[in-house]
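Trainee: any chance you can model this:
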Amino acid sequence: MTVQFDRVVLTTELPGRINAFLVAEIRPQVSGLLQKRLFEEGTYVKAGDVLYQIDPTQYQAAYNEAKAALAMAESQIALAEANLPAIRSRAERLKGLVSIRAAGQQDADDADAALRQAEANLAVRRTAVEVNRASMESAAINLSYTPIKAPISGRIGKSNITVGAMVTAYQPTPLAVIQQIDPVYVDVTQANAELLRLRRSLERGDFKRGGPSRKSVKLLLEDRTPYPVQGSLQFQDVTVDPTTGSVTLRMVFANPKQVLLPGMFVRAVVEEGINEQALLIPQQGVSRDPKGNAIALLVNSAGKVEQRPLTLDRAIEDKWLVTKGLAPGDRLIVEGSQKVRAGDTVRAVPFDRPATTQPSAEAN
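Mentor: Numbers count the residues shown, from 1 in each chain. Next up, the predicted model:
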């Protein structure tokens, strides 16, 4: 076959795992006795749905007490405000009488002190109202935490606690876990050495980026079955893992039928770029020398066989991508290489793949 340039989309397969798009660990925010479980394990729940009910009795009582204390403080303010004008009026009247010597200075001083004390008491009672209002709001918040609600929509797993058990606020063990799995994240790892190789290839112009389509990613399931929905590349991490020497790439895939489950092993097919001048040859036209180096047999212009070492990049289906050793126009021996040696004079016949049709009855 005559070697020619071809346009090839270069891809790479990277191993990865499925991760949920959102994960919420359900923990109580108040302590108490668990009265009810209001969901079925493994079902879909919506944000705001009540999942558990903690006994609200003590929190309801605390709220009622704080509410009553606030009402009492507000009534005391009203009483103090009602008495204040009379006290102020008496102090001002005695002050005027002292100026005309119709009242004693001591009486005026006592009236003024009583006015100041009434104003101070009113300020203290107003502060007490604010304190009691804050206590009532805190009690209302604690009461609102007794029904434990779903913070996100998704599929809820098993319950780690049963009805009748005691729970504590912000306990380390979650009551249950909700995961949103449509869409899902696919986190794959790529060796940093591979990233450096790609960067050098781009700088040399070996291939170019494919534009917006390069962010489109395909997925292979654990049994090598192609996933029918394409995903998109979200970002590439900027930190290299010191233990593995790799970086993490994150993709997003729609998962309407929930085929992809968290923790599942997959392989992502990521587009590296487009090689406009790729040299692809059939794998059957490449052999190995005793040292394992790739070699090929060619027919030169004089009709003689010559052996040439090759540098291979990767396998693409049933072909090799050659980076060094061949040039357009070279005639590569694909079949019959076992019958010739370097230096033999041969007659080259154009390579034609045999048809894979079934033989007819007459031919049989």
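Trainee: so where's the stretch 101-250 of the chain shaky on pLDDT?
Mentor: 101-104, 197-215 (pLDDT under 70).
Trainee: what segments of it are helices?
Mentor: Secondary structure of the stretch 101-250 of the chain, counting by DSSP state H, counting those that start in this stretch: helices at 105-144, 192-204.
Trainee: please identify the most buried of those helices.
Mentor: Mean neighbours per residue, mean count of other CB atoms under 10 Å, is largest over those for helix 105-144, with a mean of 15. From N, CA and C alone the C-beta is placed, and that goes for glycine too.
Trainee: stretch 187-195: end-to-end distance?
Mentor: Using CA to CA, to the nearest Å, the end-to-end distance of stretch 187-195 comes to 16 Å.
Trainee: from the chain's centroid, how far away is that stretch?
Mentor: A distance of 18 Å separates the centroid of the chain from that of stretch 187-195, by CA atoms, centre = their mean, to the nearest Å.
Trainee: mind putting the helices of the stretch 101-250 of the chain in TSV, distance to residue 42 included?
Mentor: Formatted as TSV, these follow (distance: least, CB to CB, whole Å):
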stretch	distance to residue 42
helix 105-144	28
helix 192-204	40
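Trainee: and these: which comes nearest residue 33?
Mentor: helix 105-144 (14.7 Å; CB to CB).
Trainee: which helices and strands sit right next to the closest one?
Mentor: helix 57-99 (3 or more CB pairs under 8 Å, 6 or more residues apart in numbering; DSSP states H and E).
Trainee: now do the helix it packs on and helix 105-144, the angle between them.
Mentor: Relative orientation of helix 57-99 and helix 105-144, computed by axes from the mean of the first three to the mean of the last three CA atoms, to 10 degrees: 160 degrees.
Trainee: packing partners of helix 57-99?
Mentor: Counting contacts by 3+ CB pairs under 8 Å, 6+ apart, helix 57-99 is packed against helix 105-144.
Trainee: measure residue 42 to residue 315 for me?
Mentor: 43 Å (CB to CB, to the nearest Å).
Trainee: and the strands in the stretch 151-300 of the chain?
Mentor: With DSSP state E, counting those that start in this stretch as the criterion, the stretch 151-300 of the chain has strands at 154-156, 166-167, 176-191, 216-220, 231-236, 246-253, 265-282, 287-288, 294-299.
Trainee: kindly reformat those strands as CSV containing distance to residue 58 and mean neighbour count.
Mentor: Formatted as CSV, those follow (distance: least, CB to CB, whole Å; neighbours: other CB atoms under 10 Å):
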stretch, distance to residue 58, mean neighbour count
strand 154-156, 28, 21
strand 166-167, 13, 16
strand 176-191, 24, 20
strand 216-220, 52, 19
strand 231-236, 47, 14
strand 246-253, 45, 19
strand 265-282, 48, 18
strand 287-288, 79, 12
strand 294-299, 78, 19
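Trainee: among the ones you listed, which comes closest to residue 54?
Mentor: Residue 54 lies closest, by CB to CB, to one member of the strands of the stretch 151-300 of the chain: strand 166-167, at 6.7 Å.
Trainee: from what I see, residue 312 and residue 320 are in contact.
Mentor: Yes - between residue 312 and residue 320 there is a contact at 5.0 Å, judged by CB atoms under 8 Å.
Trainee: higher neighbour count, these two?
Mentor: Neighbours were counted for residue 312 and for residue 320 using other CB atoms under 10 Å; residue 320 has more, 21 against 16.
Trainee: correct me, but that one touches residue 278?
Mentor: No - applying CB under 8 Å as the test, residue 320 and residue 278 come out as separate, 10.6 Å apart.
Trainee: ok, now which ones touch residue 111?
Mentor: Residues near residue 111 by CB atoms under 8 Å, 6 or more residues apart in numbering: 87, 90-91, 94-95.
Trainee: closest to residue 177 out of these?
Mentor: Nearest to residue 177, judged by CB to CB, of those is residue 87 at 63.5 Å.
Trainee: check contacts around that closest one.
Mentor: 111, 114-115, 118.
Trainee: and with 6 Å instead?
Mentor: 114-115, 118 (CB atoms under 6 Å, 6 or more residues apart in numbering).
Trainee: closest one of these to residue 46?
Mentor: Within the contacts of residue 87, distances to residue 46 taken as CB to CB reach their minimum at residue 118, with 56.1 Å.
Trainee: re the thing from before, as CSV, the strands of the stretch 151-300 of the chain with distance to residue 55 would be great.
Mentor: What follows is the strands of the stretch 151-300 of the chain, written out as CSV (distance: least, CB to CB, whole Å):
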stretch, distance to residue 55
strand 154-156, 22
strand 166-167, 10
strand 176-191, 19
strand 216-220, 47
strand 231-236, 44
strand 246-253, 42
strand 265-282, 44
strand 287-288, 75
strand 294-299, 75
